[in-house]
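Participant: Okay, here's the prediction I keep looking at, along with the sequence it came from:
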Amino acid sequence: QVQLVESGGGLVQAGGSLRLSCAASLRTFSLHVMGWFRQAPGKEREFVAKIARTSGTTYYTDSVKGRFTISRDNAKNTVYLQMNSLKPEDTAVYYCAASPPLSSVTTTSYAYWGQGTQVTVSS
């Protein structure tokens, strides 16, 4: 059974930083595009960032460009989200997700999801 386990969330003041991690039990981890999403209270889940399988190509939603960095370590089956200059509007539950294997980095399809980690940014 595939498991994605997020960690690293918490409470931080505006302007602070957090680093989220997502450990995946996927034996084929390097074959999956990995993404981060978030869902704020009363809002729909939204895309935050994604990273290609091996090329390092990344995509971000406009609101986090220049502040967040997604990275991955295929040897550790882990994807990260470094979040700097956090704002109260970044408050949400953050989820990691894995695409079906061998997807292009342009995919919008995700086959596996984690349970989420809460990020709260106080003003």
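Facilitator: Received the coordinates, thanks. Numbers count the residues shown, from 1 in each chain.

Participant: For the rest of this, base every contact and every neighbour count on C-alpha atoms.
Facilitator: OK.

Participant: do you know how far residue 57 is from residue 33?
Facilitator: 10 Å (C-alpha to C-alpha, to the nearest Å).

Participant: wait, residue 66
Facilitator: 21 Å.

Participant: Residue 70 - how many residues pack around it?
Facilitator: Using other C-alpha atoms under 10 Å, residue 70 has 24 other residues around it.

Participant: so residue 120, which of the three states?
Facilitator: Here residue 120 is recorded as strand under DSSP: H, G, I helix; E, B strand; the rest coil.

Participant: check contacts around residue 33.
Facilitator: Residues counted as contacts of residue 33 (C-alpha atoms under 8 Å, 6 or more residues apart in numbering) are 50-53, 98-105.

Participant: distance of it from residue 67?
Facilitator: As defined by C-alpha to C-alpha, residue 33 lies at a distance of 21 Å from residue 67.

Participant: Residue 27 too?
Facilitator: In terms of C-alpha to C-alpha, residue 27 sits 31 Å off from residue 67.

Participant: Likewise for residue 77?
Facilitator: 24 Å.

Participant: more neighbours, these two?
Facilitator: Between residue 77 and residue 67, residue 77 has the larger neighbour count (other C-alpha under 10 Å), namely 17 against 13.

Participant: Over to that one: give its phi and psi.
Facilitator: The phi/psi pair for residue 77 (degrees, to the nearest 10) reads phi 50, psi 40.

Participant: wouldn't it be in contact with residue 32 here?
Facilitator: No. Applying C-alpha atoms under 8 Å, one finds residue 77 not in contact with residue 32, separated by 10.4 Å.

Participant: Contact partners for the residue nearest to residue 18 when sequence neighbours are not counted?
Facilitator: Spatial nearest neighbour of residue 18, chain neighbours left out: residue 83 (5.2 Å); criterion: C-alpha to C-alpha, 6 or more residues apart in numbering. Residues near residue 83 by C-alpha under 8 Å, 6+ apart: 17-20, 67-69.
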